[in-house]
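Visitor: just coords:
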């Protein structure tokens, strides 16, 4: 059985992938990498600017390229963008090269978090607060077919990171 040296966190925008990733990496003594930050570093543009200038297809192709460029990384927790698993066979790639964990939340929980978020999210541009939950419900229904393929699915509302680290260590020791 190959050694798992990467963990990919997947889930909808606002599910806590970056926060969880940092804490999980610290608990494992690994490094943390945010895929969106890597894309911004490589392109010299913020994600919303990439979307507005070049469109979603360009962004998804760049996202796939940058995701695959992380293959040599070892001992790394990678926070992916909400759509990353859903395009270009990325979920299959992540499953082949590491451990995938889905941080699962309900549409109502995601709406609450996204309303409080200061992050600009291109897919939410033009979505009113009144329509936000319907948008999330529909988009989540589309994406869960990929998210649900993760090896581990956890409730995204947890806050016991030491138990999560123990769970992951046990999984890695198999």
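Guide: Ah, there it is. Here the structure is a predicted model, which is why all the values come from computation and not from measurement. Numbers count the residues shown, from 1 in each chain.
Visitor: Check the secondary structure at residue 8 for me.
Guide: Put simply, residue 8 is strand when judged by DSSP: H, G, I helix; E, B strand; the rest coil.
Visitor: Can you name the residues that contact it?
Guide: Residues in contact with residue 8, defined by CB atoms under 8 Å, 6 or more residues apart in numbering, are 78, 80, 94, 98-101. In this view, the C-beta of every residue, glycine as well, is placed from N, C-alpha and C.
Visitor: ok, for it, nearest residue in space, not its chain neighbours?
Guide: Distances taken as CB to CB, 6 or more residues apart in numbering put residue 94 closest to residue 8, at 4.3 Å, once the chain neighbours are dropped.
Visitor: what do you get for residue 114?
Guide: Using CB to CB, 6+ apart, the nearest residue to residue 114 is residue 14, at 4.4 Å.
Visitor: In JSON lines, list the contacts of residue 8 along with secondary structure, pLDDT and distance to residue 122.
Guide: JSON lines is the format used below for the contacts of residue 8 (DSSP: H, G, I helix; E, B strand; the rest coil; pLDDT from 0 to 100; distance: CB to CB, whole Å):
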{"residue": "78", "secondary structure": "strand", "pLDDT": "98", "distance to residue 122": "20"}
{"residue": "80", "secondary structure": "coil", "pLDDT": "98", "distance to residue 122": "16"}
{"residue": "94", "secondary structure": "helix", "pLDDT": "98", "distance to residue 122": "22"}
{"residue": "98", "secondary structure": "coil", "pLDDT": "96", "distance to residue 122": "26"}
{"residue": "99", "secondary structure": "strand", "pLDDT": "96", "distance to residue 122": "28"}
{"residue": "100", "secondary structure": "strand", "pLDDT": "97", "distance to residue 122": "24"}
{"residue": "101", "secondary structure": "strand", "pLDDT": "97", "distance to residue 122": "24"}
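Visitor: by contact count, what packs against the helix or strand of the chain with the lowest mean pLDDT?
Guide: Sorting the helices and strands of the chain by mean pLDDT, DSSP states H and E puts helix 161-172 at the bottom, at a mean of 86. In terms of contacts (3 or more CB pairs under 8 Å, 6 or more residues apart in numbering; DSSP states H and E), helix 161-172 is packed against helix 17-28, strand 99-104, strand 152-155.
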